[in-house]
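**Student:** Below: sequence and its predicted model.
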Amino acid sequence: MGVSPSAADPPRERYVAVIGGGAAAGPVLELAHAVGQEIARRGGVLLCGGLGGVMAAAAQGAREAGGVVLGILPGPDRSQGNPHLTYSLATNMGQARNLIIAHSADGLIAVDGSHGTISEAAIGLKLGKPVIAVAATWHIPGLLTAPDPATAVHLLWGTFLKY
């Protein structure tokens, strides 16, 4: 027989993947930075691919807000991660690391992005995870969209009430 959580139990940490282009610039990076800050303010652990662009901007935002960031790197060397990671895992799996990110996250937030981001979002949706997009020019069935970072994080946290 399992132990039931009581009202006195602390809320479970949420692992939120922020996905998006590794070569993003300008306004997209500002959005990613704000998403990272919002996740950290809610006590979430930010997961990302650990490299540049959206990943680095979100990681920086989370760290500046006192959050924890875990980078799941595509290559064999942990030192290749961006400087804003709290922890990094070297997978040497290339794009296949997207599966690890989607499986490890409780939910995903896509900031813009292209083929890699779309595949990661699709994996998350296939696994039954909530996926929210900000500034995406693409759509796949089941994807929720938000007009800004604060709304995206708010929507994602609302979906966590379901499980």
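**Tutor:** Structure's in. What do you need? Numbers count the residues shown, from 1 in each chain.
**Student:** among the helices and strands of the protein, which has the poorest mean pLDDT?
**Tutor:** One helix or strand of the chain scores below all others by mean pLDDT, DSSP states H and E: helix 149-160, with a mean of 93.
**Student:** which residues are in contact with it?
**Tutor:** By Cβ atoms under 8 Å, 6 or more residues apart in numbering, the surrounding residues in contact with helix 149-160 are 14, 16, 31, 34-35, 37-39, 42, 106-107, 109, 130, 132-134, 144, 146. Heads up, the C-betas are built off the backbone N, CA and C, glycines and all.
**Student:** Narrow those residues to those in helices?
**Tutor:** Per DSSP state H, helices hold the following members of these: Leu31, Ala34, Val35, Gln37, Glu38, Ile39.
**Student:** Turn those residues into JSON lines, columns for pLDDT.
**Tutor:** Shown next, in JSON lines, are these (pLDDT from 0 to 100):
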{"residue": "Leu31", "pLDDT": "98"}
{"residue": "Ala34", "pLDDT": "98"}
{"residue": "Val35", "pLDDT": "98"}
{"residue": "Gln37", "pLDDT": "98"}
{"residue": "Glu38", "pLDDT": "97"}
{"residue": "Ile39", "pLDDT": "97"}
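**Student:** Write the PyMOL selection for whichever of these are buried.
**Tutor:** Applying 16 or more other Cβ atoms under 10 Å to the ones in helices among the contacts of helix 149-160 leaves a buried subset, and the PyMOL line that selects it is:
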select buried, resi 31+34+35+37+38+39
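**Student:** okay, now Pro141: neighbour count?
**Tutor:** For Pro141, the count of nearby residues is 6 (other Cβ atoms under 10 Å).
**Student:** OK, contacts around Gly20?
**Tutor:** Val28, Ala32, Gly53, Val54, Met55, Ala58, Ala110, Val111, Asp112, Gly113, Thr117.
**Student:** For the third one, give its distance to Thr151.
**Tutor:** Per Cβ to Cβ, to the nearest Å, Gly53 is found 22 Å from Thr151.
**Student:** Of those two, give the one with the bigger neighbour count.
**Tutor:** The residue with more neighbours, out of Gly53 and Thr151, is Gly53; 22 against 14, by other Cβ under 10 Å.
**Student:** ok, that one touching Gly26?
**Tutor:** No. Counting by Cβ atoms under 8 Å, Gly53 stays clear of Gly26, with 11.0 Å between them.
**Student:** mind listing what's buried in stretch 129-143?
**Tutor:** Per 16+ other Cβ under 10 Å, stretch 129-143 contains these buried residues: Lys129, Pro130, Val131, Ile132, Ala133, Val134, Ala135, Ala136, Leu143.
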